[in-house]
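K.L.:
Sequence and computational prediction follow.
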Protein chains: 4
Amino acid sequence: MLTIADTHFQSRLLTGTGKFHHPDTMLAALEASGTELVTLALRRMDRRDRDHLFEPLARAGYRLLPNTSGARTADEAVQAARLAREAMGTSWLKLEIHPDPRWLMPDPVETLAAAERLVREGFVVLPYVHADPVLCKRLEEAGCAAVMPLAAPIGSNRGLESRAFLDIIIEQSGVPVIVDAGLGAPSQAAEAMELGTDAVLVNTAIATARDPVAMARAFRGAVEAGRQARDAGLAARQSQAEASSPLTDFLSEATP
Amino acid sequence: MLTIADTHFQSRLLTGTGKFHHPDTMLAALEASGTELVTLALRRMDRRDRDHLFEPLARAGYRLLPNTSGARTADEAVQAARLAREAMGTSWLKLEIHPDPRWLMPDPVETLAAAERLVREGFVVLPYVHADPVLCKRLEEAGCAAVMPLAAPIGSNRGLESRAFLDIIIEQSGVPVIVDAGLGAPSQAAEAMELGTDAVLVNTAIATARDPVAMARAFRGAVEAGRQARDAGLAARQSQAEASSPLTDFLSEATP
Amino acid sequence: MLTIADTHFQSRLLTGTGKFHHPDTMLAALEASGTELVTLALRRMDRRDRDHLFEPLARAGYRLLPNTSGARTADEAVQAARLAREAMGTSWLKLEIHPDPRWLMPDPVETLAAAERLVREGFVVLPYVHADPVLCKRLEEAGCAAVMPLAAPIGSNRGLESRAFLDIIIEQSGVPVIVDAGLGAPSQAAEAMELGTDAVLVNTAIATARDPVAMARAFRGAVEAGRQARDAGLAARQSQAEASSPLTDFLSEATP
Amino acid sequence: MLTIADTHFQSRLLTGTGKFHHPDTMLAALEASGTELVTLALRRMDRRDRDHLFEPLARAGYRLLPNTSGARTADEAVQAARLAREAMGTSWLKLEIHPDPRWLMPDPVETLAAAERLVREGFVVLPYVHADPVLCKRLEEAGCAAVMPLAAPIGSNRGLESRAFLDIIIEQSGVPVIVDAGLGAPSQAAEAMELGTDAVLVNTAIATARDPVAMARAFRGAVEAGRQARDAGLAARQSQAEASSPLTDFLSEATP
């Protein structure tokens, strides 16, 4: 069971709400995914999105995780966080600060500064960051409820490009590690879980699939399979094969 | 649904019987895997294995796929196949010929020669081969019911090392492609299915896990997830990110 | 020093003659590459190519390695080999048999059959094959002077996709292993040499570079560097870092 | 030519001084590497190292790049930098801050803070950092003379694990990008140069090779080859092969 800030979740698959072609598809995909925690940009809280996005999600019982997507500095993120808390009625927050609109890569310095302030203001902070082991440790020490290192550039579907660094982050982390961004296929989500990640967040790969509902179901199965495999004790990779069983001379035995 | 030689299977996960510590563990793991097709070495048909391995498997309703593991030449493999057909009452056959006991790598020339003979003798032949596109095509033309290219050296748990060649094999094959050998983690099995493989065979990774039953369940879930993802239309990998949504100036809007 | 069939070569970079935009560019690139062994398709021995390709190469002192590119069966390859020997005055032969014009993947069965016949006819046979360890061993046993396993699909520039299998081939081979096809960058050629490959053959990556002469020079340097590194004893990959030096408390020491 | 802070270098290979078994081996390896810029820990400026390390390096004409290895905070790094400037007579500085002695991963927040202060004090600052595109941009904006993102955990010899992020860093950087840490083989250094890196720093892989002098020479060749290849225009990777030349029916032509 995944536990973030004393809250328990059965599902280890977090999802987002962007890039779906229709709100009904989104709702059906979220249901198929089994997710319990759904991120939503504050900027999507205008009237129309409120009716078509926020209200249905809230009614369906998902815990919402507002995010500060679009914020370029700690100040903007803190301001956005406060607005989100008021608008959505939750102090949970996915903290995202990316100054460059092209790559959407997170800013480590602004993120730490904002996290420190938001923790003091009582937010449950889950920061989206580069897979930087020292930064993750500092965010944990600042009181973040989890860390969300990226797998690969957001929207790239390239999977665990940051594997070597995730290994270190997982080994040293005292809070849940949630891999965010770059996971484009269920196999990649399974691999993240096998590494020891506590959860993954998937949005683009589900929302832009030809069949988002089926893809959501596939990610759900893969995340569960990866976690089961982790618990069941994966064997190590071998550089060399070993014979699968002692080779006996069955033919000579069998011949009369 | 997987169809081999006009026989339909719900499960796309084939399993083996080697390396388990106890027959009961094996039976429980096979059940958890959902497998319908189980490979078994002919050389394991001596009295003791017959009672503890063959009979329980047959009683449990699995379709058995005898294999010629240990054969080093086409002649040995053909002789083994005939014995297997008599002993196990099935003409289905996993054809394995590996002259070198160290690496257990398959022999392409002997395998094609044996396949041609066995097809003529009425066997349903599934040959285990290197991920060699031309060889796979020739085996198909010789009447094999499927081809079983390897992912990586057997027992290595290294996953889809032969990915570049499997892509070609899958694209050109007119018979089912079953990836065999080298899959050490559910994520790797899922990746094989995402590539378009029809099925996978897993043995070592299940049998040698700390908890083989749980690992079997994990592989089952991963194979199903990978197949669903294939059908749901995976997005392509991008070398560059795109913004997840239009970035609006939510802060200025939100501020009165 | 590379030794093939008792002939010594200083250079471990073999080159080809296809895809160059102009014969002069080709000649300049070959010179820059330092190559001593150049492969040439028999089908390029018509009148025009003879004057512009064969004669200048012969004059420049390269040892020519005719190839049977275009042959789809052992019979065609043997016939081509005989024509090549007559036309080019050498019994050295790069044996290529690829039935499918789309992928140009080699046929293992026809290649072994042709190799056996050509060795008996006195040819020095260097077969181009899939990175199949058993096949390479059988070709060696059939009397081939070297084996030429592929790195990746020809023309793909994808590098050592067959790495896991090349490791086995190199470890067990009694004749030189020359990696052929798929090397698209000098770093990939260097990596092949670091693995223990005896030589590499590069054509497309040089011929289609924006500046083929400079690219030829780059491959030359990379092959030499990779070989030097192999001889100098590469360190193993570590999953974990170690401190580079004992960490002393230099600051407290330095402070008075 | 590599230009850092208006200083020109012929060599794009930076080296270090740690882990060598003997100062003479180090000096011979540095000479073989062709390096012009050598990093040296401040903590190695005690009496003995001064005689055996600093003086010979200075005499041999290398530009020295003192580093702050061992510093855990910005304050410690600034203090170390001042001591280094005094002791070694140079304001060039490789800024390293790693709070955790086990992994030696750099701290992004302390590094930026120290860089800002050191630039103001007139240092030529080259910070060693995670391959974090936003951090690299901020360090450039702070006035750093170059950025030194890591390839993989230091001492791991695992090569370009951070490739996906280096691509972005290289594309957007206005100062030289020098890949530091994790390069274990010349092929990896060549690959970094092919990606467009301006230079690489190699220490462990040379110092711990069986033959450090030969390995230094190998790295030199590989760096030059990788750079030449970059300039000569590498072809793109293809997912599919194309025939190397039009396939003509040479056999029918050749047969009378």
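P.N.:
Arrived safely, thanks for sending. Residues are numbered from 1 along each chain as shown, chains lettered A, B, ... in the order given.

K.L.:
bridging residues for the residue nearest in space to the middle of chain A?
P.N.:
The centroid of chain A falls nearest to residue A:201 when counting by Cα atoms, centre = their mean (2.3 Å). Per DSSP bridges, the residues bridged to residue A:201 are residue A:14, residue A:180.

K.L.:
thought it was touching residue A:179?
P.N.:
Yes. Counting by Cβ atoms under 8 Å, residue A:179 is a contact partner of residue A:201 at 7.2 Å. Bear in mind the C-beta positions are built from the backbone N, C-alpha and C, glycine included.

K.L.:
any common contacting residues for the two?
P.N.:
Counting by Cβ atoms under 8 Å, 6 or more residues apart in numbering or on different chains, the common neighbours of residue A:201 and residue A:179 are residue A:148.

K.L.:
Okay, residue A:6 and chain B: tell me how far apart.
P.N.:
28 Å (Cβ to the nearest Cβ, to the nearest Å).

K.L.:
Which pLDDT value belongs to that residue?
P.N.:
Note for residue A:6: predicted pLDDT of 95.

K.L.:
how many neighbours does it have?
P.N.:
Using other Cβ atoms under 10 Å in any protein chain shown, residue A:6 has 7 other residues around it.

K.L.:
gap between it and residue A:206?
P.N.:
Counting by Cβ to Cβ, to the nearest Å, the separation of residue A:6 from residue A:206 is 28 Å.

K.L.:
What of residue A:193?
P.N.:
Distance from residue A:193 to residue A:206, by Cβ to Cβ: 16 Å.

K.L.:
Between the two, tell me which one has more neighbours.
P.N.:
residue A:206 (33 against 27).

K.L.:
helices or strands up against the strand or helix carrying residue A:137?
P.N.:
Assigned by DSSP states H and E, residue A:137 belongs to helix A:133-141. Packing contacts for helix A:133-141, counted by 3 or more Cβ pairs under 8 Å, 6 or more residues apart in numbering or on different chains; DSSP states H and E, involve helix A:108-120, strand A:124-129, helix A:163-172, helix D:108-120.

K.L.:
And the ones you listed, which one averages the lowest pLDDT?
P.N.:
Among those, helix A:163-172 carries the lowest mean pLDDT (a mean of 94).

K.L.:
how far off strand A:124-129 does that helix point, in degrees?
P.N.:
150 degrees (axes from the mean of the first three to the mean of the last three Cα atoms, to 10 degrees).

K.L.:
so does helix A:163-172 get close to chain D?
P.N.:
Yes. Helix A:163-172 reaches chain D (Cβ under 8 Å from any Cβ of the partner chain) through A:163, A:164, A:165, A:168, A:172.

K.L.:
rewinding a little: quick one, what contacts the residue nearest to the centre of chain A?
P.N.:
Residue A:201 sits next to A:13, A:14, A:15, A:16, A:39, A:148, A:178, A:179, A:180, A:181 when contact means Cβ under 8 Å, 6+ apart.

K.L.:
Now pLDDT and neighbour count too, for these, in CSV please.
P.N.:
Formatted as CSV, the contacts of residue A:201 follow (pLDDT from 0 to 100; neighbours: other Cβ atoms under 10 Å in any protein chain shown):
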residue, pLDDT, neighbour count
A:13, 98, 27
A:14, 98, 29
A:15, 97, 26
A:16, 94, 26
A:39, 95, 25
A:148, 98, 27
A:178, 98, 23
A:179, 97, 32
A:180, 94, 28
A:181, 86, 29
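
K.L.:
Which residue comes closest to residue A:137 once chain neighbours are left out?
P.N.:
residue A:172 (6.3 Å; Cβ to Cβ, 6 or more residues apart in numbering or on different chains).

K.L.:
Contacts only, for that neighbour.
P.N.:
With Cβ under 8 Å, 6+ apart, residue A:172 has these contacts: A:133, A:136, A:137, D:100.

K.L.:
Distance of it relative to residue A:185?
P.N.:
For residue A:172, the distance to residue A:185 - Cβ to Cβ - is 28 Å.

K.L.:
Report the buried residues of stretch A:97-109.
P.N.:
Applying a neighbour-count criterion of 16 or more other Cβ atoms under 10 Å in any protein chain shown, one finds A:97, A:98, A:99, A:103, A:104, A:105, A:106, A:107, A:108, A:109 buried in stretch A:97-109.

K.L.:
Okay, now the unreliable bits of the stretch 101-250 of chain A?
P.N.:
In the predicted model of the stretch 101-250 of chain A, residues A:238-250 satisfy pLDDT under 70.

K.L.:
returning to that earlier point: can you turn the buried part of the residues of helix A:163-172 next to chain D into a ChimeraX selection?
P.N.:
Typed into ChimeraX, the line below selects the buried ones among these, using 16+ other Cβ under 10 Å:
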select /A:164,165,168,172
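
K.L.:
and of the residues of helix A:163-172 next to chain D, the nearest to residue D:51?
P.N.:
residue A:168 (37.9 Å; Cβ to Cβ).

K.L.:
Name the residues of the stretch 151-256 of chain A found near chain D, please.
P.N.:
Residues of the stretch 151-256 of chain A lying near chain D (Cβ under 8 Å from any Cβ): A:152, A:153, A:156, A:158, A:161, A:162, A:163, A:164, A:165, A:168, A:172.

K.L.:
Max pairwise distance over those: which two?
P.N.:
A:156 and A:172 (26.0 Å).

K.L.:
where exactly do the helices run in chain A?
P.N.:
Along chain A, counting by DSSP state H, helices occupy A:23-33, A:47-49, A:55-59, A:74-88, A:108-120, A:133-141, A:163-172, A:186-195, A:204-207, A:212-232, A:250-254.

K.L.:
Distance of the residue nearest to residue A:66 when sequence neighbours are not counted relative to residue C:4?
P.N.:
In space, and not counting its chain neighbours, residue A:66 is closest to residue A:84: 3.6 Å by Cβ to Cβ, 6+ apart. Note on residue A:84: its distance to residue C:4, by Cβ to Cβ, is 70 Å.

K.L.:
These two: who's more crowded?
P.N.:
residue A:84 (28 against 21).

K.L.:
Verify the stated contact: that one with residue A:93.
P.N.:
Yes. If you go by Cβ under 8 Å, residue A:84 and residue A:93 touch, sitting 6.6 Å apart.

K.L.:
what sits in contact with each of those two?
P.N.:
The contact sets of residue A:84 and residue A:93 overlap at A:66, A:67, A:68 (Cβ under 8 Å, 6+ apart).

K.L.:
buried subset of the residues you listed?
P.N.:
Among these, the ones that count as buried by 16+ other Cβ under 10 Å are A:66, A:67, A:68.

K.L.:
Next one, pLDDT for the last one please.
P.N.:
Just to be clear, that refers to residue A:68. As predicted, residue A:68 sits at a pLDDT of 95.

K.L.:
Next up, the contacts around it.
P.N.:
Counting by Cβ under 8 Å, 6+ apart, residue A:68 touches A:41, A:42, A:76, A:77, A:80, A:81, A:84, A:93, A:94, A:95, A:96, A:97.

K.L.:
For residue B:114, state which of those is nearest.
P.N.:
Distances from residue B:114 to the contacts of residue A:68, taken by Cβ to Cβ, are shortest for residue A:94, at 58.5 Å.

K.L.:
returning to what we had before: out of the helices of chain A, deepest packed?
P.N.:
Ranked by mean neighbour count, the helices of chain A are led by helix A:186-195 with a mean of 30 (mean count of other Cβ atoms under 10 Å in any protein chain shown).

K.L.:
Name the residues that touch it?
P.N.:
A:12-13, A:151, A:159-160, A:163, A:166-167, A:170, A:179, A:182-183, A:200, A:202, A:215, A:218-219, A:221-223, A:225-227, A:229-230, A:234, B:185-188, B:190-191, B:193-194, B:222, B:225-226, B:228-229.
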